[in-house]
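Asks: show me how the following folds:
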Amino acid sequence: MKLVTILPPDMEHLASGPMLPLQNTIIYLESVLLKEKDPNYPVFTVKVPSDQNFVNEDPADIFFIAFEDVFNLFHSKRLDYNLVRLYAINLQMKINRERPRHIAVADPYYMRDSQLQDGSRTRTKAVRYLQNFMLMYKESNTILLPVFPKDKYCTLIILDPKWSLAQYFDSSSTTTKKDYKRIRGVLDEAILGYSKNGGTFDKNGQHIRPDTKNPGFKHVIDFPCVKQPAGSIKEAFYVLHHLKGFVEDAEMMSLPPKMTYYVVFEGRVPGVYEEWEECKKQVHKFSGNCYKGYPTRHEAVAKWRAHQANKSKMKTFLVLSLLLTIVAAVLYFILV
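Replies: Numbering: from 1, shown residues only. Below you'll find the model as predicted:
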C-alpha cells in the first residue's frame, strides 16, 4: 500500500515549521504499523514543566497524546482535550520566555464540566488555581482560558480581572447552546478570592453580583466571534486559532520591531543604531522623524551611506544653483 501525505498538496505550504516533520513522523509510523498483523499504536508522553505556573501536581504533571489524536488533528476531526492543553501550555511557555506583558494563557487542566461539580475536590482546586493565576498575572490585560462544557465542546474565555469581565468566544453558539453554569460559578469564586487576596481593579471595574453581593465576573456569553458552519465539530480548532491570534497580537504590542539594526535618517542624532531603545530616543516626539530597521548591519550601513551621499549631492546642487544665481545677477548688473 502506498501512503500519501496527510495534508493535501495545496495545503502543505500553509503548514507551520513543526507541522511538516510531525506529518512525516506520523506517515512513517503508519507505514511501519501497516506491515504488522496486530499493530500497537504509540502513545506520546508529555511532562508538564514544574516551574511555569501550570497544574503540575500528580496526576496532572504527566499526560498522554494518543497516535489517533494526532492523526485526527491532521484530518481536522474533533480535537482531543489533551491536544488543546498541550497547545495552551506551549503558548504560555513561549510567553514566559519572551515576556509579552499584556497576556497570559491559563492551564485548562481542570476546565472540564465533569471536574467542576459542586463540592468536589477538583472544583476547589480549580478555583484556587485560577485565583492564584489571576494574582500572578494581575498586571496582564488579558488571560486566555480554554474550557470544555459537557467535556467535549471547546470554548475560549477571555478574562480581564481588572474589569471583572469574562467574554466567551463560542464559535458554535449559533447551532449548539452550551451550559456554562459550573464554569461561571468557578470563575466567580476565583475572582472573589482574587479580590480578597490583593487583586486590583480599575476605577469602577469591580463588579458586584446582585444575587450574592460579592465580587463576580460580568459574563458575556453571546460575544460576537467567527462562527462554525452548522453541524461542524471543530470548536477546538477555532479556540487554537483565537489563542494564537491573541498571543501574536500581544507580542506585537510588547516587543520592538524584529529588526536588528536601525537607521535614523532624520532625528536628534542621525546614524546607525543597534538597539531599538536607542533608536527610539532619537525619533520619539521629534518632528519630521524618519527611521527604518534592517536585518543586517551591512545593509543598514549601506542605506545610511547612500542617504548621506544623496544629502551631499543635494547640498552640492543647492550650492551650485546659488552660485549660478549670483553670477547671473552680477552679469546682469554689469551688462545693464
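Asks: so where does D69 fall, helix or strand?
Replies: Using DSSP states H and E, D69 falls within helix 67-74.
Asks: what about the helix or strand just after that helix, distance to the chain center?
Replies: Heading C-terminal from helix 67-74, the first helix or strand you meet, by DSSP H and E, is helix 81-98. Relative to its chain's centre, helix 81-98 lies at 10 Å (Cα atoms, centre = their mean, to the nearest Å).
Asks: three-state assignment of L156?
Replies: strand (DSSP: H, G, I helix; E, B strand; the rest coil).
Asks: what's near enough to touch it?
Replies: L144, L145, P146, V147, Y168, F169, Y238, V239, H242, L243 (Cβ atoms under 8 Å, 6 or more residues apart in numbering). The way it works is simple: take the backbone N, C-alpha and C, and place the C-beta from them, glycine included.
Asks: now with 6 Å, please.
Replies: L156 makes contacts with P146, F169, V239, H242, as judged by Cβ atoms under 6 Å, 6 or more residues apart in numbering.
Asks: hmm, back to that, what residues of the helix holding D69 count as buried?
Replies: For helix 67-74, a neighbour-count test (16 or more other Cβ atoms under 10 Å) marks F67, D69, V70, L73, F74 as buried.
Asks: what angle sits between it and helix 81-98?
Replies: 70 degrees (axes from the mean of the first three to the mean of the last three Cα atoms, to 10 degrees).
Asks: quick one: contacts of helix 67-74?
Replies: Contacts to helix 67-74, defined as Cβ under 6 Å, 6+ apart, come from residues I6, Y41, P42, D80, L83.
Asks: quick revisit: who wins for neighbours among the contacts of L156?
Replies: Comparing the contacts of L156 by number of neighbours (other Cβ atoms under 10 Å), V239 comes first, having 27 neighbours.
Asks: that one against P146, yeah?
Replies: Yes: the pair V239 and P146 passes the contact test of Cβ atoms under 6 Å, sitting 5.3 Å apart.
Asks: before we move on, back to that, which of the contacts of L156 fall in strands?
Replies: P146, F169 (DSSP state E).
Asks: what's the distance between stretch 191-209 and the middle of its chain?
Replies: That offset, for stretch 191-209, works out to 25 Å (Cα atoms, centre = their mean).
Asks: kindly export that stretch (C-alpha atoms) in CSV.
Replies: Extracted C-alpha coordinates of stretch 191-209, given in CSV (Å, rounded to 0.1, in the frame of the first residue of the first chain):
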residue,chain,number,x,y,z
ILE,A,191,-12.4,36.4,41.3
LEU,A,192,-13.8,36.6,44.8
GLY,A,193,-10.6,35.1,46.1
TYR,A,194,-8.6,37.4,43.8
SER,A,195,-10.4,40.4,45.4
LYS,A,196,-9.7,39.2,49.0
ASN,A,197,-6.0,38.5,48.4
GLY,A,198,-4.8,41.7,46.9
GLY,A,199,-6.2,41.6,43.4
THR,A,200,-6.6,45.1,42.0
PHE,A,201,-9.4,46.6,39.8
ASP,A,202,-9.5,49.6,37.5
LYS,A,203,-11.6,52.5,38.6
ASN,A,204,-15.3,51.3,38.8
GLY,A,205,-14.0,48.0,37.4
GLN,A,206,-15.1,45.7,40.2
HIS,A,207,-18.4,44.1,39.5
ILE,A,208,-20.7,43.2,42.4
ARG,A,209,-23.1,40.3,41.8
